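# Turn this into a structure:
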Amino acid sequence: MSKVLLIIPPLPERSYPGKFMGVDYLATALVRKNHKVKILDLDIYFCRGQNVIEILQSEILKYEPQLVGITNLSIQNDIANYLAWMTKKIRPSTIVVKGGFHEITGWQYTLELHNEYVDAVVVGDGEVVIQEIADAIDKKNWDKKKQEIPSLAWWNGKKAVLNKGCRYEINFNDYIPTRINYFPEYNFEVFNFQKTAQVMTYRGCPYNCAFCSEAFFPSKVAQRTIEYVIEEFDLLKNDSYKAIYFDDSTFTLFKDRALTIVNEVYKRNFIWGCNTRVDLLPDDLIYEFGRKNCRYLFCGVESFVPEILLAMNKTRTPDKYLMEIPRVYKGLREANISPSIFLIFGNARKEKNGTIIPEKWDDIEYCIRQAISLDVDYISLNILRLLPEVSFSISKEYSPIRPDNEEIIHAGHYDLKWYYLNGKKDIRSLHPIFRCFEGARSVNPKFVTPEYAYNIIKLAIELVNRHNIDSAIQTRIVVD
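Numbers count the residues shown, from 1 in each chain. The predicted model follows:
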């Protein structure tokens, strides 16, 4: 039996509630193999203003883990690498493994730059891999097995090696997350801070939006067996949970399946919310959601400009897509479901001749006005992130919006050590204004200066305040 510590790094740019659920599924996998596991959510302690390094040191010295797993998004990468370094400094014998979305494209950079304190990287889904790593440590044959475990990358002394037989898709059917810890910060304001659980009924997304990391993840959609989802609901009910937020990228992707799940939620008297697309919300589904305790629904509309939607690859029929928006938000209001809208700025436009140019200021004002006209409760303003390997970051056609002299944006652009060793200037957005857009610590389009970002938030505040003077519905702007 190995002792495993799974670490959630701080996310300084957070502007939403909840937790990173991926580690709970890893915990399930480890418990099934009789390994001992703890989860250290440093993000919670960071949000409370506590010293996360002191907490990390205390936990490692007290628990003495043989394996530490650190998950990270690209914007957490520097923090995650520092935590790996600190872990090795505190307990040199601990095997440190990184995973998460960033490592799908960033594993080579991680191992080339940080191999002194990162022993291996999980590339893809981690449930089976983490089991095999813990088993190898327990049997004291880690040095040999690390060269054989599919989906695992490691440093051979000269270069990063990714083992053959990569597994990007797991048997997700019967996984119920092991909720080892609970903090009040996991509760959602939209549910009046009642005890909230995040639930995933399937993993992945079949769409190919040019800005989204899920678009290049090889395992498109892996569904959980509904019987196990229902079993999870019963466990949550017994543990006094009152609200559920579905973390599925697009909860209504499978309409009949969504209705079946919602009926089970309703039977147990949970209130709930979800994410989805406006073009996957027919009227009858909205009506049923309203009847079955749905309290909040989040749509990533992204833009109201056809040329921008085309550049994003959000839809191939923007006119049809845009026609759905007023219908959906009218239906949500009638069903007493709190509506939220997600907008992205700093976009590319695809002109009629196929060329790509930066968005126009008129596009920004038009999008904000359109969102306000829908009488939504929340408008989430975001700046386009050029994440590693997404189409906006690597496709030649989008080079007009990328920072000058950068042919592509890769994982090294999210690594402070890479900039230092290559003598390059850090091109990530470090100005505080970008925190209002969940865009800090990211690589953003070259034309999105701090002044540009400030003018967007200034315009949005002016237009929302003007709307709220005479409106019964008080729209709020979501910022950090």
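# what ranges do the helices span in the stretch 1-150 of the chain?
For the stretch 1-150 of the chain, the helices defined by DSSP state H, counting those that start in this stretch cover 22-32, 42-47, 52-63, 77-90, 101-114, 127-138, 142-145.
# Please name every helix or strand in contact with the fifth one.
Using 3 or more C-beta pairs under 8 Å, 6 or more residues apart in numbering; DSSP states H and E as the contact test, the elements touching helix 101-114 are helix 77-90, strand 120-122, strand 152-155, strand 160-162, helix 416-421. Bear in mind the C-beta positions are built from the backbone N, C-alpha and C, glycine included.
# looking at those, which is buried most?
Of the helices and strands packed on helix 101-114, the one with the most neighbours on average (mean count of other C-beta atoms under 10 Å) is strand 120-122, at a mean of 26.
# what's the offset of that one from the middle of its chain?
In terms of C-alpha atoms, centre = their mean, to the nearest Å, the centre of strand 120-122 is set 19 Å apart from its chain centre.
# likewise stretch 63-78?
Using C-alpha atoms, centre = their mean, the offset of stretch 63-78 from its chain centre is 16 Å.
# List the buried residues of it.
Buried positions in stretch 63-78, judged by neighbour count with 16 or more other C-beta atoms under 10 Å: 63, 65-78.
# Let's see which of the residues you listed end up in strands.
Leu67, Val68, Gly69, Ile70, Thr71 (DSSP state E).
# Tell me the gap between stretch 370-386 and the middle of its chain.
Put simply, stretch 370-386 sits 18 Å off its chain's centre (C-alpha atoms, centre = their mean).
# Span of that stretch from start to end?
End-to-end distance for stretch 370-386: 25 Å, by C-alpha to C-alpha, to the nearest Å.
# follow-up on the earlier one: would you turn the ones in strands among the buried residues of stretch 63-78 into JSON lines with distance to Asn115?
Converted to JSON lines, these look like this (distance: C-beta to C-beta, whole Å):
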{"residue": "Leu67", "distance to Asn115": "17"}
{"residue": "Val68", "distance to Asn115": "16"}
{"residue": "Gly69", "distance to Asn115": "17"}
{"residue": "Ile70", "distance to Asn115": "15"}
{"residue": "Thr71", "distance to Asn115": "19"}
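# Looking at the helices of the stretch 1-150 of the chain, spot the one closest to Asn444.
helix 77-90 (16.2 Å; C-beta to C-beta).
# Between strand 67-71 and the closest one, find me the angle.
Going by axes from the mean of the first three to the mean of the last three C-alpha atoms, to 10 degrees, helix 77-90 is angled at 170 degrees with respect to strand 67-71.
# Surely Pro403 forms part of a strand?
No. Under DSSP: H, G, I helix; E, B strand; the rest coil, Pro403 sits outside any strand and is assigned coil.
# wait, doesn't it sit right on Phe447?
No. Contact criterion C-beta atoms under 8 Å: Pro403 and Phe447 do not qualify, at 9.8 Å.
# residues contacting the residue most central in space within the chain?
The centroid of the chain falls nearest to Leu73 when counting by C-alpha atoms, centre = their mean (7.4 Å). By C-beta atoms under 8 Å, 6 or more residues apart in numbering, the residues touching Leu73 are Leu11, Gly100, Phe101, His102.
# Can you tell me which of those is nearest Asn468?
For those, the closest approach to Asn468 (C-beta to C-beta) belongs to Leu11, at 29.9 Å.
# Just list the residues touching the closest one, thanks.
Asp43, Phe46, Leu73, Ile75, Gln76 are the contacts of Leu11 under C-beta under 8 Å, 6+ apart.
# Output the residues you listed in JSON lines; the columns should cover distance to Asp174 and pLDDT.
JSON lines is the format used below for these (distance: C-beta to C-beta, whole Å; pLDDT from 0 to 100):
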{"residue": "Asp43", "distance to Asp174": "28", "pLDDT": "94"}
{"residue": "Phe46", "distance to Asp174": "33", "pLDDT": "93"}
{"residue": "Leu73", "distance to Asp174": "27", "pLDDT": "92"}
{"residue": "Ile75", "distance to Asp174": "32", "pLDDT": "93"}
{"residue": "Gln76", "distance to Asp174": "30", "pLDDT": "94"}
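# Pro403 and Phe447: who's more crowded?
More crowded of Pro403 and Phe447, by other C-beta atoms under 10 Å: Pro403, with 17 against 12.
# out of the buried residues of stretch 63-78, who's nearest Tyr454?
Tyr454 has its nearest neighbour among the buried residues of stretch 63-78 in Ile75, at 20.5 Å by C-beta to C-beta.
# what about the closest residue to the closest one other than its chain neighbours, is that helix, strand or coil?
In this structure, Ile75 finds its nearest non-sequential neighbour in Arg441, 4.4 Å apart by C-beta to C-beta, 6 or more residues apart in numbering. Secondary structure for Arg441, judged by three-state DSSP, is coil.
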